[in-house]
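>>> please work out how this folds:
(chains A and B)
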Amino acid sequence: MKATVLVRPKPGILDPQGQAVESSLRHLGFDVGEARVGRLVDVDVATDDRDEALAQLERMCEQLLANPLIESYEIALEHA
Amino acid sequence: MSGEPRPVIPVVVWPGSNDDRDAQLALERLGADTQRVWHTDEALPHGTSAVVLPGGFSYGDYLRCGAIARFSPILRAVEAFAADGGLVLGVCNGFQILTEAGLLPGALRPNDSLAFVCRDVRLRIERTDTPFTSRCAVGQELTIPVKHGDGCWFADAALLAELESSGQLLLRYAAGANPNGAVADVAGVLNAGGYVFGLMPHPEHAVDPLLGSADGALILGSLVDAARLSLAASV
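Numbering: from 1, shown residues only, chains lettered A, B, ... in the order given. Sure, this is the predicted structure:
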């Protein structure tokens, strides 16, 4: 079962990459507010059980994919 | 060197570590017996009195610095060693690994400049009653180089206040010398028990006046002293 995990710097965490992107966008003439840069991880979980996949993805995020101190995460499972 | 006993202080090597040999050389000169321990090893050498996790880019620093190294077999041995009160020093990438492993508080983020910083920085010692700073004086300024892209230490306000009151913010960048945007100018943090220490600057690169500073020897020498004491206590 395919899933996408989005990892973001938590609000209030300094995000210099986001700031650089934001200022580049302004230089290009785009009228933008804040930009933040996170990470996207595509994972193929070896189960067809949605609940089981979600439970595993949750553990993956807590243990490795995100650092809970500074990052939040969001899990999106593909529709069956 | 006198006939003082030489404590065993292994240096862990991951794929991508690059300061292990400098760390080894510095510790040897300061009176320790060292050996490099591979990341797949499951045990520390017999008689280990302290462990050093060196700088570098373990596993390419993929995902987050230290995030992958944290799961290497040797780290389980380091965690068990620390759980018994064993002395652990993490330098730069070693510091990042210790925070990812939860052995030290906080997290290390990309430098606020987004640039890799490589230069001498001035540091201030906050306490000397620790195994890592016993050769220093309180408030003493040291000059030690940093070289990192992800050295911006972060803790939220509540954690910071807690660490401040427990005296765990052992090393800070001197006023105006913060190279990376670290919260409260923190350059190095001690664990609650006082026996695990991580810092971004590289003491192993500053152990001889020829290198521009020998101040790093105060930190590594303190560790060797403490390791020798723990050796004497275990005999």
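>>> what residues sit buried inside stretch A:18-31?
A:18-19, A:21-22 (16 or more other CB atoms under 10 Å in any protein chain shown). C-betas here are computed from N, CA, C, even on glycine.
>>> what about it and chain B, any contact?
Yes: residues of stretch A:18-31 contacting chain B under CB under 8 Å from any CB of the partner chain: A:A20.
>>> show me which residues of chain B sit near chain A.
Counting by CB under 8 Å from any CB, the residues of chain B lying close to chain A are B:63-64, B:67, B:71, B:100, B:106-107, B:109-114, B:152, B:154-156, B:181.
>>> one more pass at 6 Å, please.
Within chain B, the positions near chain A by CB under 6 Å from any CB of the partner chain are B:107, B:110, B:112, B:114, B:154.
>>> out of those, which one has the weakest pLDDT?
pLDDT across these is lowest for B:L114, at 90.
>>> apart from its neighbours in sequence, what residue is nearest residue 16?
All of this refers to chain A. Sequence neighbours aside, B:L114 is the residue nearest to A:P16 in space, at 4.7 Å (criterion: CB to CB, 6 or more residues apart in numbering or on different chains).
>>> was after chain B, sorry
B:F57 (4.2 Å).
>>> A:G18 too?
Spatially, and ignoring its direct neighbours in sequence, A:G18 is nearest to A:R36 (4.1 Å; CB to CB, 6+ apart).
>>> isn't that neighbour up against A:L14?
No: in this structure A:R36 lies outside contact range of A:L14 using CB atoms under 6 Å: 10.7 Å.
>>> quick check: the closest residue to B:G60 other than its chain neighbours vs B:A177, distance?
Closest residue in space to B:G60, ignoring its immediate chain neighbours: B:G16 at 5.7 Å, by CB to CB, 6+ apart. In this view, B:G16 and B:A177 are 28 Å apart by CB to CB, to the nearest Å.
>>> now do B:Q168
20 Å.
>>> who's more crowded, those two?
The neighbour comparison of B:Q168 against B:A177 (other CB atoms under 10 Å in any protein chain shown) goes to B:Q168, with 24 against 18.
>>> so the more buried one is in which element?
Under DSSP states H and E, no helix or strand contains B:Q168.
>>> for it, give me its contacts.
Residues near B:Q168 by CB atoms under 6 Å, 6 or more residues apart in numbering or on different chains: B:189-190.
>>> again, only using 10 Å
Taking CB atoms under 10 Å, 6 or more residues apart in numbering or on different chains, we find B:Q168 in contact with B:104-106, B:126-127, B:130, B:155, B:162, B:186, B:188-194, B:197.
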